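[1] Below: sequence and its predicted model.
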Amino acid sequence: MLWWFVAELADTPRLFPSPAGVIAVWWRELFSGALPANIGITLARVILAFIISMILGTSAGYVTGRSPRVNAWLDPWLIVALNLPVLVVVVLIYIWVGLNETAAILSVVIAKTPAIMVTVREGARSLRPDLEDLARVYRIPPLRRLRAIVLPQLAPFIVAAARAGLSITWKIVLIVELLGRPNGVGFVLNLFFQNFDVAGILAYGLTFAGLMLFAEAALLQRWERRAFAWRSAA
Amino acid sequence: MTCLEVNIEEKRFGTQTILRDIGFAARNGEIVALLGPSGAGKSTALRIVLGLDHDYWGGVEGLSGRVGAVFQQPALVPWLNVSDNIRLVHPEDVPLPDIPALLDQVGLGRVESLFPAALSLGMARRVALARALSVSPSILVLDEPFASLHPQLAARLGGVVAQWARQMQATTLIAMHDLDHALSIADRVLVLSGAPSTLALNLVVPPLTDRTAQTRLRNELQSRFFFLSDSREADEREVI
């Protein structure tokens, strides 16, 4: 409502479009196929980068949380990685690897993994020692130990990392696309930016944010509820 | 025949020596009670026997085969129900025991599908005991398994443990604080005493049928070790 009112007041549809204007652009882009195609490409990049960085970050976080020696060796690098601006990573990887898909995914993974690692490392440090004793005395096989004892304890940390991770990953993907990909939402936003097409920017930006919100609510929260079902069952 | 041989020359926490010169052996199927005041290092000694603590001078031999243990904390996995907790430790080469019957033996009714949060500490300890028995252990190490239980129930569970141990020829080491209870189930008593704790006594318990010998041993132990003098009162004090 406020948006509508301000837009009417400003009366500059180019710089401050009304909701109707944005919907019109959205409709046009949707039927031309450009919006689904670009969002699909961006979504694929987000999912791929998200999965890779979750796997890397979780396993590296677990190892550093369990082994003080590995941690002592990796920790300084981790602090550097955490404080490195995303833009620096993206630009450097594009220069070193080239303007290709591998570089795009790689730079998102490098930018995202350290934060996941730090969260999961906290989880690995807080594993219950009595359950570890239990596993050792009864010689529970490693796989069963991982599935039944370790992962359920890490689950809250993995979920927290995933939720924070997904929202940051898609923002990084847009930057990566803006800087060096010929397609995807980030690339399109850049085009709109050069034409000062605010309606286009809003149409794409809001659609994508909506999709990510849906992914968060529908998938991650459902998984979270399932993973912690035992708490209410008790 | 010797089955378990324990020799703890010295165990320190930081600069403080906790245990010194604790050496004993247990035969196959022997039930050994470990007595001592609170803080004497009984749990520390048991952790060393279980191979959970390697930071000491000395050695433990004969820790082979399946091991069943009850720790000071029940250590039940909170996201698994009671029967899944028992299944979790189950080795593949042993047939799965009848879990309801096993729980019945430790005095628990229909609790298989309950989660640990729904159990009292006493119940959780008994589940831990059932879990230890479920693996058909050849070595059984129990750290105060009867604490926070009613004395009558404690006596009954002591009987269950003794019966299982004899039936399966399991070498059993139990840390406890009730002297009468120890004399009624153990083949041998060890007493830890002093600071640092040393093995003050290592005695074979006369059979329960030999009343005079039992009474004589009981009186002798109580006069030598103040912490064994009034076990009833001590028992109540430890109820959580």
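    Arrived safely, thanks for sending.

[2] List the contacts of stretch B:180-192.
    For stretch B:180-192, the external contacting residues (CB atoms under 8 Å, 6 or more residues apart in numbering or on different chains) are B:19, B:22, B:24, B:26, B:30-36, B:40-42, B:45, B:146, B:154-155, B:158-159, B:161-162, B:174, B:176, B:198-205, B:208, B:214, B:217-218, B:221, B:225, B:228, B:231. (C-beta placed from N, C-alpha, C; glycine too.)

[3] ok, now which ones touch B:Gly41?
    Counting by CB under 8 Å, 6+ apart, B:Gly41 touches B:11, B:18-19, B:192, B:196-197.

[4] where's it relative to B:Ala128, distance?
    The gap separating B:Gly41 from B:Ala128 is 21 Å, by CB to CB, to the nearest Å.

[5] Just give the number of residues close to B:Pro116.
    Counted with other CB atoms under 10 Å in any protein chain shown, residues neighbouring B:Pro116 total 21.

[6] Show the pLDDT at it.
    The score at B:Pro116 is 91. That number is its pLDDT.

[7] which residues does the nearest residue to it once chain neighbours are set aside contact?
    Sequence neighbours aside, B:Leu76 is the residue nearest to B:Pro116 in space, at 4.0 Å (criterion: CB to CB, 6 or more residues apart in numbering or on different chains). Under the criterion of CB under 8 Å, 6+ apart, the contact list for B:Leu76 reads B:82, B:85, B:116, B:119, B:124, B:127-128.

[8] These into TSV, with extra columns for secondary structure and distance to A:Leu30?
    Formatted as TSV, the contacts of B:Leu76 follow (DSSP: H, G, I helix; E, B strand; the rest coil; distance: CB to CB, whole Å):
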residue	secondary structure	distance to A:Leu30
B:Val82	helix	55
B:Asn85	helix	54
B:Pro116	helix	53
B:Leu119	coil	57
B:Ala124	helix	59
B:Val127	helix	59
B:Ala128	helix	61
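
[9] and the nearest residue to B:Glu61 once chain neighbours are set aside, how far is that from chain A?
    Leaving aside its sequence neighbours, B:Glu61 sits nearest to B:Glu5 (CB to CB, 6+ apart; 4.4 Å). Remark: distance between B:Glu5 and chain A (CB to the nearest CB, to the nearest Å) = 19 Å.

[10] so what does the helix or strand harbouring B:Leu221 touch, helix or strand wise?
    Applying DSSP states H and E as the criterion places B:Leu221 in helix B:211-224. Helix B:211-224 sits against helix B:179-185, strand B:198-204, with contacts defined as 3 or more CB pairs under 8 Å, 6 or more residues apart in numbering or on different chains; DSSP states H and E.

[11] Could you please name the strands the last one pairs with and the direction of each pair?
    Paired with strand B:198-204 in the same sheet, following DSSP bridges, are strand B:188-193 (antiparallel).

[12] Helices of the chain, start to end?
    Going with chain A. A:2-10, A:19-32, A:34-66, A:68-83, A:86-97, A:101-125, A:129-137, A:142-145, A:151-180, A:185-194, A:198-215, A:221-227, A:229-233 (DSSP state H).

[13] think we crossed wires, I meant chain B
    Counting by DSSP H, chain B has helices at residues B:42-49, B:82-88, B:99-105, B:121-134, B:151-168, B:179-185, B:211-224, B:231-238.

[14] Nearest to A:Ala72 among the ones you listed would be which one?
    helix B:42-49 (26.8 Å; CB to CB).

[15] residues of the closest one that come out buried?
    Within helix B:42-49, the residues that qualify as buried are B:42, B:44-49, counting by 16 or more other CB atoms under 10 Å in any protein chain shown.

[16] Please list all residues in contact with the nearest residue to B:Glu10 once chain neighbours are set aside.
    Nearest residue to B:Glu10, sequence neighbours excluded (CB to CB, 6+ apart): B:Trp57, at 4.6 Å. Contacts for B:Trp57 (CB under 8 Å, 6+ apart) come out as B:8-11.

[17] which stretches of the chain aren't confidently modelled?
    Picking chain A for this. Counting by pLDDT under 70, chain A contains low-confidence ranges at A:1, A:7-15, A:229-234.

[18] actually chain B
    Applying pLDDT under 70 to chain B flags the ranges B:1-2, B:230-240.

[19] near chain A, which residues of it show up?
    When proximity is defined as CB under 8 Å from any CB of the partner chain, chain B approaches chain A at B:47, B:50-52, B:67-69, B:71, B:73, B:75, B:77-80, B:88-89, B:91, B:115-118, B:135.
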